[in-house]
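Visitor: Need coordinates for the following:
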Amino acid sequence: MKTLYLDCAMGAAGDMLTAALLELLPDPEGFVEELNGLGIPHVSFSAEKSVKCGITGTHMSVRISGHTEDEEMENHHAEHHHHSHSGLQEISHLISRMDLPAGVAQNVLSVYGLIAQAESHVHGVPVSQVHFHEVGSLDAVADVTAVCLLMDRLSPDQVVVSPVHVGAGTVRCAHGILPVPAPATAYLLQGVPIYGGAIQSELCTPTGAALLKFFGTKFGEMPAMTPEKIGYGMGKKDFPAANCVRAVLGQSAGEPVCVLSCNLDDMTGEEIGFAVEELEKEHPAEVYTTAISMKKSRPAVMLTVVCSPEEEERMVKAMFRHTTTLGIRRSEQVCYRRSPEK
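Guide: Modelled structure (predicted):
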């Protein structure tokens, strides 16, 4: 199975993820030209070689009107310019004007929707009232679009993400000084394994968190896999540890599956047969029954459903809906498929 593993030992940002995935392509230069041809207003991409702690990788530079986001923000503050802002509707209009495959455009909107939901929760306003600073929003749209295009180009069967290093200390935002991880980042990373450390800096940005949350199919240690290509996406800052996201693309030994099972001793054979038929309509990998004996040698049936991790929640609800069980056991296993005969 084609597996992409993202090593986020130094967090993640949109430009770092873009650069790491870019190094996995056979023609990275051609892809950068493709990005520049998308027509994102005032935005230009350039891939630059970067060395961190002796490791050579790529830094993806996104410039707005010829300046990086940091330079633009400094100019705005120094000159006291009025800051224009964009809402989610304006961002959606901008994305619709780009020449993107339909699936990629939908993914860009979905990722940006996650960011808007996080900002809505943090600031206590409806999503429709969330506004992004024009410079920051263009930078984020550029990063999100690039990563969504790269994911579409690489088309991994699964994306495994390491526990995410978020950093420590505080970060200065438009609203003041906030703790690391910033509130929007913390909201996005709910349900994701994260950790801090001695590095006093924001290592994971809201854009990076949203991309990891959207594309990650599993969070944890690197699975057993045979690497085929490795990419290093470098951040801007220098730390004692190499400031990069490492992307490993290769083949894993098997396909992860969820095994759900329950014991039934108060349903007739006809009722169990009907339940199996209804569960099969949900199209899991497999549904089967096993004859078992329970307390006092009472005959019973164990119902088992094998499904993908993404289907787990739906299949659990279906099992409760079509059986009388009071509880369902769950385990994770690996499925090996027979290779076609040559």
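Visitor: Give me the three-state assignment for Gln106.
Guide: With DSSP: H, G, I helix; E, B strand; the rest coil as the basis, Gln106 sits in helix.
Visitor: so what's the residue lying closest to Gly235 once chain neighbours are set aside up against?
Guide: In this structure, Gly235 finds its nearest non-sequential neighbour in Asn243, 4.1 Å apart by C-beta to C-beta, 6 or more residues apart in numbering. Backbone N, C-alpha and C define where each C-beta goes, glycine included. Asn243 makes contact with 10, 52, 234-237, according to C-beta atoms under 8 Å, 6 or more residues apart in numbering.
Visitor: Which pair of these spans the longest distance?
Guide: Using C-beta to C-beta, the contacts of Asn243 span at most 12.0 Å, a distance reached by Met10 and Lys236.
Visitor: quick one, which of the two is more surrounded?
Guide: Met10 (26 against 13; other C-beta atoms under 10 Å).
Visitor: helices and strands of this structure: which one bottoms out on pLDDT?
Guide: The weakest-scoring helix or strand in the chain, judged by mean pLDDT, DSSP states H and E, is helix 69-79 (a mean of 50).
Visitor: any idea where the helices of the stretch 1-150 of the chain begin and end?
Guide: 14-22, 28-36, 69-79, 88-96, 102-123, 134-154 (DSSP state H, counting those that start in this stretch).
Visitor: counting contacts, what elements does the fourth one pack onto?
Guide: If I follow you right, that is helix 88-96. Where contact means 3 or more C-beta pairs under 8 Å, 6 or more residues apart in numbering; DSSP states H and E, helix 88-96 is packed against helix 102-123, helix 134-154.
Visitor: ranking the ones you listed by burial, who's on top?
Guide: Highest mean neighbour count of the helices and strands packed on helix 88-96: helix 134-154, a mean of 22 (counted as mean count of other C-beta atoms under 10 Å).
Visitor: Next SSE downstream of that helix?
Guide: Per DSSP states H and E, helix 134-154 leads on to strand 158-161 as the next helix or strand towards the C-terminus.
Visitor: What pairs with that following strand, parallel or antiparallel?
Guide: Using DSSP bridges, strand 158-161 pairs in its sheet with strand 2-7 (parallel), strand 218-219 (parallel).
Visitor: Could you pull out the buried residues of the longest one?
Guide: Buried residues in strand 2-7, counting neighbours by 16 or more other C-beta atoms under 10 Å, are found at 3-7.
Visitor: which one of the residues you listed is nearest Val160?
Guide: Tyr5 (4.9 Å).
Visitor: isn't that closest one right next to Val245, touching?
Guide: No - using C-beta atoms under 8 Å, Tyr5 makes no contact with Val245, being 10.8 Å away.
Visitor: still on that earlier bit, so which of the buried residues of strand 2-7 comes closest to Val301?
Guide: Closest approach to Val301 among the buried residues of strand 2-7 (C-beta to C-beta): Thr3, at 35.9 Å.
Visitor: right, and that closest one touches Pro156 too?
Guide: Yes - counting by C-beta under 8 Å, Thr3 touches Pro156, with 6.1 Å between them.
Visitor: Next, show the common contact partners of the two.
Guide: Leu249.
Visitor: quick revisit: what would the helices of the stretch 1-150 of the chain look like in CSV with distance to Ser201?
Guide: Below are those laid out as CSV (distance: least, C-beta to C-beta, whole Å):
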stretch, distance to Ser201
helix 14-22, 13
helix 28-36, 27
helix 69-79, 14
helix 88-96, 28
helix 102-123, 20
helix 134-154, 18
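Visitor: nearest to Ala275, of those?
Guide: Nearest of these (C-beta to C-beta): helix 102-123, 34.1 Å.
Visitor: what angle separates that closest one from helix 88-96?
Guide: Relative orientation of helix 102-123 versus helix 88-96 (axes from the mean of the first three to the mean of the last three C-alpha atoms, to 10 degrees): 160 degrees.
Visitor: Show me what helix 102-123 is packed up against.
Guide: With contacts taken as 3+ C-beta pairs under 8 Å, 6+ apart, helix 102-123 sits against helix 88-96, helix 134-154, helix 183-188, helix 206-215.
Visitor: quick revisit: take the contacts of Asn243 and keep only those in strands.
Guide: Per DSSP state E, strands hold the following members of the contacts of Asn243: 52, 234.
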